[in-house]
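A.B. asks: what's the 3D shape of this:
(one chain, ligands or ions: 2)
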Amino acid sequence: MERRVVGVETEFGLAHQGRGRRGLPPDEAARYLFRPVVDWGRSSNVFIPNGSRLYLDVGSHPEYATAECDDLLDLIASDRAGELIMHDLALRAQEAMAADGLPGSVYLLKNNIDSQGNSYGSHENYLIPRTTHFRRLSTVLLPFLVTRQIIAGAGRIVPPTEDQEAHFAFSQRADHMWEGISSATTRSRPIINTRDEPHADAAVHRRLHVIVGDSSMSETTQLLRFGSTDLVLRMIESGAPLGDHELENPISAIRHISHDVTGRARVRTREGRQVTAVEIQQNLFDRARSFVARHGAHHDRVGEVLELWGRAVEAVASGDHSLIDREIDWAIKRRLIDEVAGRAGLGLGDARLDQIDFAYHDIHPDRGLFHLLVRRGRAVRLLDEARLRRAITDPPATTRAAVRGRFLSAARAHGAGHTVDWVHHKLVDRPLEAVMVKDPFAAEDPRVDTLLGRLRGELRELDDAEREAQPGPLALSERYVATSPVPPPEPPLI
Ligand SMILES: Nc1ncnc2c1ncn2[C@@H]1O[C@H](COP(=O)(O)OP(=O)(O)OP(=O)(O)O)[C@@H](O)[C@H]1O
Ligand SMILES: [Mg+2]
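C.D. replies: Ligands and ions are numbered 1, 2, ... in the order given. A predicted model of the protein is given here:
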């Protein structure tokens with residue numbers, strides 16, 4: 001597959017700290033957070049003009065699912081735009097709470113474990129051909145994902161238990177995965193979820209649902225996380241021999257690996273060999289490098305992905321984490337924690353270090369520690385502000401998300417009732433003409449244009465300044481205005 005559609009869903013941790021009184025419980029804070037969303041879309045589950053989905057399930061973990069992207073930087077931009085959108089909602093929620101006599105601060109964390117130890121996810125979705133062999137998912141992809149934490153984990157301080165001291169681990173999610181591959185709901189936390197909901201032509205494609213990833217703060221970590229996974233999938237799809245790395249027990253392996261940052265923890269393969277995470281990653285990296293040398297790079301970031309992948313494996317193998325401590329979340333965070341612990345003479349079990357661990361994931365651009373490290377040149381960024389800002393309002397131009405964004409923006413400008421999801425586009429008054437766009441690569445669809453043509457009246461596209469000037473969140477600003485009056489609906493035929 002030359003191009004691949006990928007989307008990422010992020011659930012955020014939410015907390016409200018009251019000033020001079022107790023903060024609101026998370027479910028009430030979440031209702032405040034989503035108030036502008038519900039006002040805008042009459043629902044707490046909406047698709048927005050940039051093609052993404054904002055969603056509040058029961059409970060209190062607001063979710064943002066990126067639009068379908070077929071370009072790595074678009075994907076990272078769309079995911080990062082989700083943080084900015086949530087941050088904007090948090091500031092508005094804070095104001096609304098204060099106006100109701102509940103002053104305080106709203107915290108949104110892009111991590112995967114709250115202070116009570118509950119876990120929430122960052123799910124990746126990869127479009128794969130239906131012909132992909134399931135067997136290859138367990139012999140190659142699963143071991144890759146079990147060990148991917150050493151190159152793309154978010155890192156975490158594990159609190160002390162009766163048998164173990166507090167220590168640093170590669171991954172946030174590793175201890176919270178319960179199965180290898182399963183089609184059961186995501187609640188049972190399989191590493192790979194095979195629930196068959198392709199949001200595409202089911203005869204041709206599957207949507208591979210990867211549940212195991214840690215949320216990434218760092219854009220370079222995202223580049224490596226999604227870029228390396230795509231390369232492994234490409235090798236699997238090509239039918240190239242990749243060896244058999246199948247693990248005897250993926251769940252005990254993923255935990256074991258996470259808790260040993262030397263990368264030397266040994267796990268057993270089904271064939272009875274003892275291997276380390278470094279060996280599995282090194283092996284797949286070497287194969288990926290030769291694969292690219294043979295077949296050529298399929299996008300212009302492949303070189304960067306490979307360079308960073310090789311360096312990350314070397315950093316763990318050699319113990320010289322400074323090789324990646326500006327690019328990979330766990331290493332960036334670990335360096336910070338080590339420095340603070342050293343300076344203040346704190347042990348890893350000290351609650352102040354836990355606070356640093358949490359604050360690393362605070363999405364507030366002024367308060368969050370990751371963002372502070374970026375400002376100090378201690379963490380690298382890939383995207384410039386202009387691209388990020390654009391991703392808040394504009395869908396990726398090269399996938400179906402472009403159709404969705406145009407459709408819902410035009411319908412809104414006409415005041416026409418409508419529903420959309422990943423595949424469907426419907427005007428409430430014309431249910432029989434609903435259009436399914438099954439091809440996620442289709443950035444245009446004449447049927448959707450025809451449907452929009454039924455909404456008479458000219459539209460004018462607003463420029464950035466006009467959108468910024470609208471009162472609500474930028475992500476929910478209107479893209480068009482109707483310039484000629486919309487005629488009244490035709491009288492019903494009796
Ligand atoms: N054909 C596709 N292939 C790969 N990814 C896709 C495809 N269609 C949509 N996506 C992506 O899949 C994600 C779907 O997010 P959503 O939160 O709706 O997930 P879900 O798992 O289907 O639903 P839920 O979260 O309600 O269980 C989005 O990020 C979207 O961009
Ligand atoms: Mg989801």
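A.B. asks: Arg268 against Gln274, yeah?
C.D. replies: Yes - between Arg268 and Gln274 there is a contact under C-beta atoms under 8 Å: 6.0 Å. Backbone N, C-alpha and C define where each C-beta goes, glycine included.
A.B. asks: of those two, which one has the most company?
C.D. replies: Using other C-beta atoms under 10 Å as the criterion, Arg268 and Gln274 rank with Arg268 on top: 15 against 9.
A.B. asks: look up how far Leu142 lies from the closest residue to that one other than its chain neighbours.
C.D. replies: In this structure, Arg268 finds its nearest non-sequential neighbour in Glu248, 4.4 Å apart by C-beta to C-beta, 6 or more residues apart in numbering. For Glu248, the distance to Leu142 equals 12 Å [C-beta to C-beta, to the nearest Å].
A.B. asks: for these two, indicate the residue with more neighbours.
C.D. replies: Shown here are Glu248 and Leu142; by other C-beta under 10 Å, Leu142 has more neighbours (23 against 13).
A.B. asks: where does that one fall, phi/psi-wise?
C.D. replies: phi -60, psi -50 (degrees, to the nearest 10).
A.B. asks: do you know how far it is from Ser228?
C.D. replies: Taking C-beta to C-beta, one finds Leu142 at 15 Å from Ser228.
A.B. asks: same check, this time on Lys110
C.D. replies: Remark: distance between Lys110 and Ser228 (C-beta to C-beta) = 20 Å.
A.B. asks: now do Asn111
C.D. replies: Where Ser228 is concerned, Asn111 sits at a distance of 21 Å (C-beta to C-beta).
A.B. asks: with Asp338 instead?
C.D. replies: 26 Å.
A.B. asks: also Trp40?
C.D. replies: According to C-beta to C-beta, Trp40 stands 37 Å off from Ser228.
A.B. asks: more neighbours: which of the two?
C.D. replies: Neighbours around Trp40 and Ser228, counted as other C-beta under 10 Å, are more numerous at Ser228. The numbers are 23 against 19.
A.B. asks: so which elements touch whichever strand or helix holds that one?
C.D. replies: Element membership for Ser228 (DSSP states H and E) is helix 219-238. When contacts are defined as 3 or more C-beta pairs under 8 Å, 6 or more residues apart in numbering; DSSP states H and E, helix 219-238 packs onto strand 6-11, helix 72-99, strand 122-129, helix 142-152, helix 277-295, helix 302-318.
A.B. asks: so the helix or strand just after that helix versus helix 142-152, what angle?
C.D. replies: Per DSSP H and E, the first helix or strand lying C-terminal to helix 219-238 is helix 250-258. Computed by axes from the mean of the first three to the mean of the last three C-alpha atoms, to 10 degrees, the angle separating helix 250-258 from helix 142-152 equals 20 degrees.
A.B. asks: next, the buried residues of helix 250-258.
C.D. replies: Under the neighbour-count criterion of 16 or more other C-beta atoms under 10 Å, helix 250-258 has Pro250, Ile251, Ala253, Ile254, Arg255, His256, Ile257, Ser258 buried.
A.B. asks: repeat that for stretch 164-179.
C.D. replies: Phe168, Ala169, Phe170, Ser171, Gln172, Arg173, Ala174, Asp175, His176, Met177.
A.B. asks: look at it and report the distance between its end residues.
C.D. replies: 24 Å (C-alpha to C-alpha, to the nearest Å).
A.B. asks: tell me the secondary structure at the residue nearest to Ile192 when sequence neighbours are not counted.
C.D. replies: Residue nearest to Ile192 in three dimensions, not counting chain neighbours: Ile181, with 4.6 Å by C-beta to C-beta, 6+ apart. Ile181 carries the three-state label strand when classified by DSSP: H, G, I helix; E, B strand; the rest coil.
A.B. asks: Ile181 touches Ile191, doesn't it?
C.D. replies: Yes - if you go by C-beta under 8 Å, Ile181 and Ile191 touch, sitting 6.9 Å apart.
A.B. asks: spell out which residues are contacts of both of the two.
C.D. replies: The contact sets of Ile181 and Ile191 overlap at Leu142 (C-beta atoms under 8 Å, 6 or more residues apart in numbering).
A.B. asks: the two: which is more packed in?
C.D. replies: Ile191 (24 against 16).
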